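Q: Coordinates only, no sequence provided:
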């Protein structure tokens, strides 16, 4: 038998998988879940990085920022996070 060589087209793979719409939807769903668990004053956002989607939850009110600083609200909201399957 002859040996076969396989070279992964990383650029094409990245475009098809990491930049796909369903990945963005999963990241957005997780960010929304964390913001909802954190309570009032937190806002989710999703942006495209160099190679993949990034989800971010920020405190948009001063009261929420102070509460997060004292009680680690976002860390507690994100810890039991379950991966969303679509």
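A: Okay, I see it. Quantities reported herein were computed from a predicted structural model and do not represent experimental measurements.
Q: ok, which stretches of the protein are strands?
A: 42-48, 53-59 (DSSP state E).
Q: Can you say which of those is packed in most?
A: Comparing the strands of the chain by mean neighbour count (mean count of other C-beta atoms under 10 Å), strand 53-59 ranks first with a mean of 17. (Glycine included, C-beta is placed from N, CA and C.)
Q: quick one: contacts of it?
A: 18-19, 23-24, 27-28, 30-31, 34-35, 38, 41-48, 65, 67-68, 74, 77-78 (C-beta atoms under 8 Å, 6 or more residues apart in numbering).
Q: partners of that strand in the sheet?
A: When sheet partners are counted by DSSP bridges, strand 53-59 sits next to strand 42-48 (antiparallel).
Q: neighbouring contacts of the top helix by length along the chain?
A: What stands out as the longest helix in the chain, according to DSSP state H, is helix 21-38. Here helix 21-38 makes contact (C-beta under 8 Å, 6+ apart) with 17, 42-46, 48, 52-57, 64, 68, 73-74, 77-78, 81, 83-84, 86.
Q: Mean pLDDT per helix and strand in the protein: which one sits at the bottom?
A: helix 10-13 (a mean of 74; mean pLDDT, DSSP states H and E).
Q: ok, residues contacting that helix?
A: Outside helix 10-13, not a single residue reaches it (C-beta under 8 Å, 6+ apart).
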